[in-house]
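1. how does the following fold in three dimensions:
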Amino acid sequence: MALTNQRSRAAAEQLRRDGQAALDWVARYLEHVPELPVLSPVKPGDILRALPQHAPQQSESFDAILKDLDSSILPGITHWQSPNYFAYFPANSSPASVAGDLLSSGFGVQGMLWATSPACTELEMRVLDWLVEMLALPEHFLSTRSGGGVIQDSASSANLCALLAGRERATQFGSNEDGCDQRLTAYTSAQAHSSIEKAIKVAGIGRKNLRIIEVDDQFRMKPSHLARAIEQDNRDGRIPCFVGATVGTTSTMSIDPLPEIGAICREHGIWLHVDAAMAGTAALCDELRYIHKGLEYADSYCFDCHKWMLTNFDCTCFYVRNRTALTNALTITPEYLRNTASTSGTVVDYRDWHIPLGRRFRALKLWCVIRSYGVEGLRAMVRRHVQLTNEFVSWLRSDSRFETIAPVSLNLVCFRLKGPDSANEALHQKLNASGRLFLSHTKLNGKFVLRFCIGQSYTDEEHVGAAWHEIQKHATEPAVAAG
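-> Prediction:
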């Protein structure tokens, strides 16, 4: 026992020393990240060449490790925590989230069963129920009702789990026993996230059985086309099992018409899943809750706290209307996992709610964030970003060289120079090469379009203003005239 205590004390002392050094490094990084080139300038292989080919035979000091972090790793980082980051989607974080993640790492628990750490499960249940209230989600998503929520690693995993539940419900849980019925069909829009298509492949339904539904001029799924596709498949003896709708599509932040889609799914008994990956956080604000109109039809729903709720990756909240429909699709119970608490039926074992058996204590960082900022603090962050987005749009529309390509929704603007794709591609390359900001792009109606997403934790008006200055500077008249 004395030996164990001695080792524990030595580990604690090492953590105090090295942990403090690591926290100091991160704090300095956050102080200086606005000055760093947002997009990493390294070329393929640069980081590999900076790293030893073989592992060290002897132990090295943490100081030496941090030194190499500066010299060998930092140059290869694209700075998602920079206030000048406007690409893809935000991966925002916060001091409270970092501290919560550290606490989770310190516990190092394996939360696969309630019995393996009761607090890991029950804190997650409570925090996910808090979010139902915070976002005004349908009450059937509460753990005290028929459904409940669970933290997944990403919306991709949540989408896959929803698809599996829909597949099994449509086949009376026969697919898991007899193999996937190739008559199964699934539906999503042309603007849905690529993870839906990947889930179709992983679930064994097959890409040829995925129906891509056309979108309207606002890039929203057309309910009439969905209804026709389902009716045709029914006539052909197919088995429609899943519809994936989106609140906040990746390219344009468009919102599918959930009331109409939901009514169709209910008529045909099809599982409706709603992916609100980034946009869901906006429902913290009363005036933005229109995004969830029709959500009461959904069998499942997910959104990412690690995008726009100050919680670092990974933290996707996934809800189901009927938890039994999900757990029956995923449960496998070998003898070594059997225990008294699980057998009693009085506890939740989250290993039955997702693909992996193992799970980290992710609820701890979300708990820290919600308590540290409060609902009002989180709302203020969302409102600030939406206000900055509207301000950017006003600047954009005052410059006749530019046009917006999709309706502006929440915190994303899709815009381009009036003229050929070549001018827009050149502008995109110049902006990202400058190091002063980072934008991503998409293609809409066959045109190359720039995406400007405002959601990074530390972004303020000065950063958006500086980005607009760079955009104007590099939007050269000759390139526009060439169109």
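2. any idea how far A227 is from L388?
-> Spatial separation of A227 from L388 under the definition CB to CB, to the nearest Å is 39 Å. Heads up, the C-betas are built off the backbone N, CA and C, glycines and all.
3. again but with S154, I slipped
-> If you go by CB to CB, the gap between S154 and L388 works out to 26 Å.
4. ok, H54 next?
-> Applying CB to CB to H54 and L388 gives a distance of 48 Å.
5. any low-confidence regions in this structure?
-> In the predicted model, the chain carries pLDDT under 70 at residues 1-4, 477-483.
6. partners of the residue nearest to the spatial centre of it in the sheet?
-> For the chain, the residue sitting closest to the mean C-alpha position, by CA atoms, centre = their mean, is D304 at 4.1 Å. The residues paired with D304 through beta bridges, assigned by DSSP bridges, are T316.
7. show me what contacts it?
-> 154-155, 277-278, 280-281, 315-317 (CB atoms under 8 Å, 6 or more residues apart in numbering).
8. a markdown table for those, including neighbour count and distance to E260?
-> What follows is those, written out as a markdown table (neighbours: other CB atoms under 10 Å; distance: CB to CB, whole Å):
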| residue | neighbour count | distance to E260 |
| --- | --- | --- |
| S154 | 18 | 28 |
| A155 | 25 | 23 |
| A277 | 26 | 21 |
| M278 | 27 | 23 |
| G280 | 29 | 20 |
| T281 | 34 | 24 |
| C315 | 24 | 31 |
| T316 | 26 | 26 |
| C317 | 32 | 25 |
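9. next structured bit after the helix or strand hosting W25?
-> Assigned by DSSP states H and E, W25 belongs to helix 2-32. Sequence order places helix 46-50 as the next helix or strand after helix 2-32, per DSSP H and E.
10. excluding its backbone neighbours, what's nearest V243?
-> Y187 (4.7 Å; CB to CB, 6 or more residues apart in numbering).
11. show me the contacts for the one you found.
-> With contact taken as CB under 8 Å, 6+ apart, Y187 is in contact with 210-211, 213, 226, 229-230, 240, 242-244, 270.
12. likewise for R211?
-> So, once contact is read as CB under 8 Å, 6+ apart, R211 ends up touching 185-188, 229, 233.
13. the one helix or strand it maps to pairs with which strands, parallel or anti?
-> R211 is part of strand 210-213, with elements assigned from DSSP H and E. The pairing partners recorded for strand 210-213 under DSSP bridges are strand 184-189 (parallel).
14. name the residues of stretch 330-343 that come out as buried.
-> Neighbour-count burial for stretch 330-343 flags 330, 342 (criterion: 16 or more other CB atoms under 10 Å).
15. start and end of that stretch, how far apart?
-> Here the two ends of stretch 330-343 are set 17 Å apart, with distance taken as CA to CA, to the nearest Å.
16. before we move on, what about stretch 343-359?
-> When the termini of stretch 343-359 are compared using CA to CA, they are 20 Å apart.
17. try stretch 104-119
-> In stretch 104-119, first residue to last residue: 12 Å (CA to CA).
18. kindly report the same for stretch 307-324.
-> Using CA to CA, the distance between the terminal residues of stretch 307-324 is 29 Å.
19. buried residues in that stretch?
-> Those buried within stretch 307-324 under the rule 16+ other CB under 10 Å are 307-323.
20. also stretch 19-34?
-> When neighbours are counted by 16+ other CB under 10 Å, the buried residues of stretch 19-34 are found to be 22, 29-30, 33-34.
21. what's near enough to touch R220?
-> Taking CB under 8 Å, 6+ apart as the definition of contact, the neighbours of R220 are 189, 191, 254-257.
22. ok, it to F303 distance?
-> When CB to CB is applied, the distance between R220 and F303 equals 18 Å.
23. for the residue nearest to V243, name its beta-bridge partners.
-> R211, V243.
24. who does K447 form a beta bridge with?
-> Beta-bridge partners recorded for K447 (DSSP bridges): L444.
25. L412 too?
-> Residues found in beta-bridge contact with L412 (criterion: DSSP bridges) are S409, C453.
26. neighbours around it, how many?
-> For L412, the tally of surrounding residues (other CB atoms under 10 Å) stands at 24.
27. so how far is I151 from it?
-> Remark: distance between L412 and I151 (CB to CB) = 25 Å.
28. do S93 as well
-> Distance of S93 to I151, computed by CB to CB: 16 Å.
29. ok, now L102?
-> With distances taken as CB to CB, L102 is found 17 Å from I151.
30. could you do S71 as well?
-> S71 is 36 Å from I151, where distance means CB to CB.
31. and the helix ranked longest in the chain, what's buried?
-> Assignment by DSSP state H gives helix 363-397 as the longest helix of the chain. If you call a residue buried by 16+ other CB under 10 Å, then helix 363-397 has these buried ones: 363-370, 372-373, 378-379, 381-382, 385-386, 388-389, 392, 396.
32. mind listing the strands whatever helix or strand V274 lives in pairs with, and their directions?
-> V274 is part of strand 271-275 when elements are defined by DSSP H and E. Strand partners for strand 271-275, identified by DSSP bridges, are recorded as strand 239-246 (parallel), strand 300-304 (parallel).
33. make a markdown table out of those strands and add distance to R351.
-> Written out in a markdown table, the entries for the strands paired with strand 271-275 read as follows (distance: least, CB to CB, whole Å):
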| stretch | distance to R351 |
| --- | --- |
| strand 239-246 | 23 |
| strand 300-304 | 18 |
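34. for those, which one sits closest to G147?
-> Ranking the strands paired with strand 271-275 by proximity to G147 (CB to CB) places strand 300-304 first, at 8.6 Å.
35. residues in contact with F219?
-> Counting by CB under 8 Å, 6+ apart, F219 has contacts 191, 249, 251-252, 254, 406, 444.
36. now it: which helix or strand?
-> In this assignment (DSSP H and E), F219 forms part of neither any helix nor any strand.
37. neighbours of the residue nearest to it when sequence neighbours are not counted, how many?
-> Distance criterion CB to CB, 6+ apart; nearest residue to F219, sequence neighbours excluded, is S254 at 4.1 Å. By the other CB under 10 Å criterion, the neighbourhood of S254 contains 24 residues.
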